[in-house]
Structure formats: structure tokens, C-alpha cells
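> Quick one: sequence and predicted model below, then my questions.
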Amino acid sequence: MRADKNESDDELRARLERLQTALGKQEAERRAEIGGGLPVGGSFGKALSAGFTVLSEFVAAILVGALIGWQADLWLGAKPWLLVLFLGLGVAAGFYNVFRFAASKNARGDG
């Protein structure tokens, strides 16, 4: 009884290994057919990081400008002119941040 159980366990393990190998081959073939999916790391990761940095700096500059303008309007009662003025300054600061980021990337040769 004990020997039969060991043999069946060994057979099951061997079969499982064959199935895992076959599944791995099929997965590799499928990835090769569709181009391997999105690349992980490397230039894709750097581009994604740069994009999030630019987006966050641009949005933050606009929000800070809008908050300063809104608060100045509340204090000075110049609604909505200071909000419009500081919102415009926030947009300009956001574009300047993007320009500065792109210029520093080009100076370093990161493209």
C-alpha cells in the first residue's frame, strides 16, 4: 500500500511538472505573438515617472494660484479679480515648471 502511494505521488509530481512546463511554453508563445505586453522598467518607467512629475507640478501650481487668489478675494473683497489674476499666474507658473523640467532633461541628455 505504501509503495503504491509513493508511486502515485511521484507520478502526480511528474505530471504536474510536465503541465507547468507546457503552460510556461504556451505563455511565452502567447507573449511573443502579442509583442510581450508593456515593457517593465527601463525607458517606459522613466517616461511614466517624468509624466507624473510634470502633471503634479503643473496641477499644483494652478491650485496654489487659485487658492491664493480665492483667499485674497475673501480678505480684500475684490471678487473675482484676484482669483482670476492668481489663477492666471498659477497657470503661467505651471507652464514655467514644465519648461524648466524639459530644459533640465535636455541639458542632461535624457531626451
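It's in.
> So for K105, what's the pLDDT?
K105 is assigned 73 on the pLDDT scale.
> On the three-state scheme, it is what?
helix (DSSP: H, G, I helix; E, B strand; the rest coil).
> Touching, it and G51? I think so.
No. Counting by Cβ atoms under 8 Å, K105 stays clear of G51, with 11.8 Å between them. C-beta here means a position set from N, CA and C on the backbone, and glycine is covered the same way.
> Show me which of the two is the more surrounded one.
Counted by other Cβ atoms under 10 Å, K105 and G51 do not tie: K105 has more neighbours, with 14 against 10.
> From V98, how far out is that one?
11 Å (Cβ to Cβ, to the nearest Å).
> Which positions within the longest helix seen in the chain qualify as buried?
Counting residues, the longest helix found in the chain (DSSP state H) is helix 42-76. Buried residues in helix 42-76, counted by 16 or more other Cβ atoms under 10 Å: 54, 57-58, 61-62, 65-66, 68-70, 72-73.
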